[in-house]
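Trainee: Pasted the sequence and its predicted model underneath.
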Amino acid sequence: MNRYIKYTLAMLVTLAGFYQTGRAQNFGAKATLNKNTILIGEQTQLNLSVRFHTQDNVTFPKVPDSIGKIQVVKVKADTVSDKSDLSIKTITRHYTITAFDSGRYAIPSYVFKSAVGDLPTETLTLDVKTVAVDTTKGFYDIKQPLAVHYTFWDWLHDNWKLVIGIWLGLMAIAGAIYYLLKRPKKEVVVEEVKPDVPLHIQALQKLEEIKSKQLWQHDQVKQYYIELSDVVREYLEKRYTIQALEQTTEEIFASLRNMDIASEDRNLLRQLLVLSDMVKFAKEKPAAHENEKSMDNAVTFIKDTQPHYVKPADVNAKGDEAK
């Protein structure tokens, strides 16, 4: 029985060894150069790749920005799965490198850390050479820049957007100018300035209009005295700045107490206003000669009390008053 157990354990250990060995054989890390020899300043690629099972973790080695005098310009990576076994992948990092000093440079071995152990890469060598110069030939001047034949159509092809923008702007300006020139102009209405008519002239004109109506001649005596007294009251209100249109006859004379009016004119005014009140409120029927006298009294009073307007002196072309 003990012999059978020992035999079984030995077989398990042997199988485990074969399994581990098979896994190890599927793993691998390597380093390659696209070109082993470059000129100064030229670029090539250092490729670090590892093949591993996806269930195992693999740690990439750290590559510094410079490997001695070799400069690392950029890095990119890609991943490829095995077509026969998707559990196996190969990850490759491509390091673009260059150098600016000639010589032979060693790229050291890099170690990948994995579950089955360390996976080192081989050491590489990069040769950086200078440009060969034939010293047996003479030196030449630097060639002048080549003249390029740049036509108007070439310029138009490069700047067509600018040309269209300028053209549209000019068209807009031209349209605005055309509109401003052709639009209907508003007619300027010049208001006729009427000369100021003196107050007494306005009153006399209104009396003349009343006279032309022949109101009392057509039995419109009351209307005749209403219009006649309104003209006189309006004249008094504007001439002496009193509320004559709203005052009674006695109130009017009270307001005119201190005004510079001759006694004869006061009597004419009183006769006119008192008779007007009698006709309007007491239905008085004046005789024809009284109606005519009332008009004459109104005209005389207005002429005698008219404001005195000072005419401006004539001025000659030199600005002096005419003598």
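Mentor: Done, it's in.
Trainee: give me the number of residues near residue 204?
Mentor: Per other C-beta atoms under 10 Å, the neighbour tally for residue 204 reads 18. No exception for glycine: its C-beta is placed from N, CA and C like everyone else's.
Trainee: swap that for residue 222, sorry
Mentor: For residue 222, the count of nearby residues is 17 (other C-beta under 10 Å).
Trainee: element containing it?
Mentor: Assigned by DSSP states H and E, residue 222 falls within helix 221-240.
Trainee: Show me what the helix or strand just after that helix packs onto, helices and strands only.
Mentor: As assigned by DSSP H and E, the chain's next helix or strand after helix 221-240 is helix 249-255. Judged by 3 or more C-beta pairs under 8 Å, 6 or more residues apart in numbering; DSSP states H and E, the packing partners of helix 249-255 are helix 221-240, helix 263-282.
Trainee: buried residues in helix 249-255?
Mentor: By 16 or more other C-beta atoms under 10 Å, the buried positions in helix 249-255 come out as 249, 252-253, 255.
Trainee: Now that helix - C-alpha only, PDB.
Mentor: Only the C-alpha atoms of helix 249-255 are listed here, as PDB (Å, rounded to 0.1, in the frame of the first residue of the first chain):
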ATOM      1  CA  THR A 249     -69.900 145.000 -15.700                       C
ATOM      2  CA  GLU A 250     -69.300 146.400 -12.200                       C
ATOM      3  CA  GLU A 251     -66.400 144.000 -11.600                       C
ATOM      4  CA  ILE A 252     -64.800 145.100 -14.900                       C
ATOM      5  CA  PHE A 253     -64.900 148.700 -13.900                       C
ATOM      6  CA  ALA A 254     -63.600 147.900 -10.500                       C
ATOM      7  CA  SER A 255     -60.600 146.100 -12.100                       C
END
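Trainee: Not counting that helix itself, show me its contacts.
Mentor: For helix 249-255, contacts defined as C-beta atoms under 8 Å, 6 or more residues apart in numbering pick out 233, 236, 240, 242-244, 247, 266, 270, 273-274, 277.
Trainee: Could you do stretch 212-221 as well?
Mentor: By C-beta under 8 Å, 6+ apart, the residues outside stretch 212-221 that reach it are 223-224, 227, 279, 285-286, 288, 291.
Trainee: Buried subset of those, written for ChimeraX?
Mentor: Only the buried entries of these go into this ChimeraX selection, using 16+ other C-beta under 10 Å:
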select :223,224,227,279,286,291
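Trainee: Looking at the contacts of stretch 212-221, which one is closest to residue 187?
Mentor: Nearest to residue 187 among the contacts of stretch 212-221: residue 227, at 40.3 Å, using C-beta to C-beta.
Trainee: Tell me who's in contact with that closest one.
Mentor: Contact partners of residue 227, counting by C-beta under 8 Å, 6+ apart, are 210, 215.
Trainee: 10 Å - rerun?
Mentor: Residue 227 makes contacts with 206-207, 209-210, 213, 215, 220, 276, as judged by C-beta atoms under 10 Å, 6 or more residues apart in numbering.
Trainee: Alright, calling it a day.
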